[in-house]
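J.: Any chance you could fold what I've pasted below:
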Amino acid sequence: MPLDLLSVKQQSAQIAASAPQEQQRIQALRSKANELLAEHAEKGAELRAKVELAAQLDSWLRSAKPTGEALTARFPLPPAPGSLMVIAADGSQINPDRHAALNFYLVNLGAILMRTHSGQAPVQRVQSDLHYAEYSITGSVTQDQVGLQRDTNERIFLASLAAEPHDLPVLTLTDGPLELWGSRSQDPQEQQGYLSALEKYLTALQALHSAKAITAGYVDKPRADLVVRALEIAATPQEQLGDARKLRYLRGVTDTDLFAFLAPGERSAIFAHQNQLSARYDGPLALHFFYLNVGDARQSNLARVEVPAWVVEDRSMLDTLHAALVEQCKLLASRPYPYVLHRAHEIAVVSRAEKDEVTNMLQRALEAEGVHAGDISHKQALKDLPGRGRN
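T.: Numbering: from 1, shown residues only. Next up, the predicted model:
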């Protein structure tokens, strides 16, 4: 069925008519948030203690925690780093499809190894894992479970590449947060599956630590409000801290609104993560983050960079990461984003033609063994009729 464009046009007009008032409301909240940031700039220890108390009262609280740097601190771009072995990994997947003839999924990992300032061409690596007719303890493997497997395997892949002999300092990058995200299901078996993946993930992080790799996760166009949440906790009366997760005085304000003062090349103060799984990332694996302006004089561009404690505690590693990220982003000129992450994505992505080839390859292999591959669902068959568009 085509879109009801008349209705959509009317709704667009309504949205546009209310937009100026909404912008004014958000701007007032941003001003309040920045006032709180300035007020608590030198009260990091006090705010950290208050966040930790709120977390004791509500273990589901997600927030930033100040470290030893002033909340409004800004750190200039360090000198350009020397030669590095920069390794980036990304993943893509073919999800299981109950309407398809074959019950399979595939996780494809792509990596690039780049010797900076060498003039040598980067080296590509690919790892493709095909799974057929597999089931989890809760039934058929879901798209979320495949995604969890992909994210876990990305970190394992990086750790194996970092462990290879290298004659240069190693910097590893992935796209997105360092924290391993999983299902929010309360099902004990689903939770156990996530915890099993988390153990493998933490082992890979530990391997990166042992390899003395500078490790980071890069978040482009971040929308998180973790520092904002800490400021909301700062404004919450002590007797209401147990409800801090629900008292969202600054809802709609993001961390990037707070750190708009960063000049090109500058990073913000470093913050620690406070969430239900923080204790799992302990010691050198404890997760932290900072904001980094990878833009230029024409346009600011803030990214969130997630790092483990072993990078935070080594100023040389931290400065190398800071400078290397800005250098990588400059390689893509007007669209600042780490070059190696862009290349890793290009390597990892599975095209529609490749998906069809995997399907045909598996089907032929099964038929050669006398195994009937099955048939597509009637729904899919009708969708595939000539002349039918997507809906």
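J.: list the buried ones in stretch 236-246?
T.: Judged by neighbour count using 16 or more other CB atoms under 10 Å, the buried positions of stretch 236-246 are Thr236, Leu241, Ala244, Arg245. For every residue, glycine as well, the C-beta is placed using N, CA and C.
J.: hmm, I was thinking of stretch 255-269
T.: By neighbour count on 16+ other CB under 10 Å, the buried set for stretch 255-269 is Asp255, Thr256, Asp257, Leu258, Phe259, Leu262, Pro264, Gly265, Glu266, Arg267, Ser268, Ala269.
J.: So which of these sit within strands?
T.: Arg267, Ser268 (DSSP state E).
J.: Could you work out the most separated pair of the buried residues of stretch 255-269?
T.: Largest separation among the buried residues of stretch 255-269 by CB to CB: Asp257 and Gly265, giving 20.0 Å.
J.: immediately after the longest strand anywhere in the chain, which helix or strand?
T.: Secondary structure of the chain per DSSP E: the longest strand is strand 104-115. Sequence-wise, the next helix or strand downstream of strand 104-115 (DSSP states H and E) is strand 123-132.
J.: for that following strand, packing partners?
T.: Where contact means 3 or more CB pairs under 8 Å, 6 or more residues apart in numbering; DSSP states H and E, strand 123-132 is packed against strand 104-115, helix 143-162, helix 339-348, helix 352-368.
J.: now those in TSV, with mean neighbour count, distance to Ala224 and mean pLDDT?
T.: TSV is the format used below for those (neighbours: other CB atoms under 10 Å; distance: least, CB to CB, whole Å; pLDDT from 0 to 100):
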stretch	mean neighbour count	distance to Ala224	mean pLDDT
strand 104-115	22	26	96
helix 143-162	21	17	94
helix 339-348	21	18	97
helix 352-368	12	32	91
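J.: Distance to Arg125 added to the ones you listed, as TSV?
T.: Formatted as TSV, those follow (distance: least, CB to CB, whole Å):
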stretch	distance to Arg125
strand 104-115	4
helix 143-162	7
helix 339-348	8
helix 352-368	17
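J.: between these, which one is nearest to Lys212?
T.: helix 143-162 (8.9 Å).
J.: Pull the distance from that closest one to the chain's centre.
T.: Distance of helix 143-162 from the chain centroid (CA atoms, centre = their mean, to the nearest Å) equals 13 Å.
J.: C-terminal to that helix, what's the next element?
T.: For helix 143-162, the following helix or strand on the C-terminal side (DSSP H and E) is strand 170-175.
J.: between that next one and strand 104-115, what angle do the directions make?
T.: Relative orientation of strand 170-175 and strand 104-115, computed by axes from the mean of the first three to the mean of the last three CA atoms, to 10 degrees: 140 degrees.
J.: What strands flank strand 170-175, and is each parallel or antiparallel?
T.: Using DSSP bridges, strand 170-175 pairs in its sheet with strand 85-94 (parallel), strand 214-219 (parallel).
J.: Go through those strands and name the closest to Tyr291.
T.: So among the strands paired with strand 170-175, strand 214-219 is nearest, using CB to CB, at 9.6 Å.
J.: residues contacting the residue nearest to Asn301 when sequence neighbours are not counted?
T.: The shortest distance from Asn301 to any non-neighbouring residue, by CB to CB, 6 or more residues apart in numbering, is to Gly295 (3.4 Å). Taking CB atoms under 8 Å, 6 or more residues apart in numbering as the criterion, Gly295 is in contact with Pro264, Asn301, Leu302, Pro336.
J.: Closest one of the buried residues of stretch 236-246 to Lys65?
T.: Ala244 (13.2 Å).
J.: Next one, pLDDT for the nearest residue to the closest one once chain neighbours are set aside please.
T.: Excluding its sequence neighbours, the residue lying closest to Ala244 (CB to CB, 6+ apart) is Ala54, at 4.5 Å. What the model reports as pLDDT for Ala54 is 95.
J.: Kindly report the same for Leu247.
T.: Reading off the model, Leu247 has pLDDT 88.
J.: related to what we said a few turns ago, save the strands paired with strand 170-175 as CSV, and put in distance to Glu357 too.
T.: CSV is the format used below for the strands paired with strand 170-175 (distance: least, CB to CB, whole Å):
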stretch, distance to Glu357
strand 85-94, 11
strand 214-219, 31
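J.: Out of those, which gets nearest to Leu113?
T.: Between Leu113 and these, the shortest gap by CB to CB is with strand 85-94, which sits at 5.1 Å.
J.: Give me the distance between the closest one and the centre of its chain.
T.: The answer for strand 85-94 is 13 Å, by CA atoms, centre = their mean.
J.: now stretch 300-316
T.: Distance of stretch 300-316 from the chain centroid (CA atoms, centre = their mean) equals 14 Å.
J.: any idea which helix is longest in the chain?
T.: helix 5-39 (DSSP state H).
J.: tell me what the very next helix or strand once past that helix is packed against?
T.: Using DSSP H and E, the helix or strand that follows helix 5-39 in sequence is helix 44-57. With contacts defined as 3+ CB pairs under 8 Å, 6+ apart, the packing partners of helix 44-57 are strand 63-66, helix 226-234, strand 271-274.
J.: sorry, back to before: so which of the buried residues of stretch 236-246 belong to helices?
T.: Among the buried residues of stretch 236-246, no member is found in helices (DSSP H).
J.: mind putting the residues you listed in CSV, distance to Glu69 included?
T.: As requested, the buried residues of stretch 236-246 are exported to CSV (distance: CB to CB, whole Å):
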residue, distance to Glu69
Thr236, 23
Leu241, 24
Ala244, 23
Arg245, 25
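J.: residues contacting the closest residue to Val340 other than its chain neighbours?
T.: Spatial nearest neighbour of Val340, chain neighbours left out: Ala88 (3.7 Å); criterion: CB to CB, 6+ apart. Listed by CB under 8 Å, 6+ apart, the contact set of Ala88 reads Ala111, Ile112, Met114, Thr172, Leu173, Thr174, Pro338, Val340, Leu341, Arg343, Ala344.
J.: How about Leu71?
T.: By CB under 8 Å, 6+ apart, the residues touching Leu71 are Leu37, His40, Ala41, Glu42, Gly44, Leu47, Val227, Ala269.
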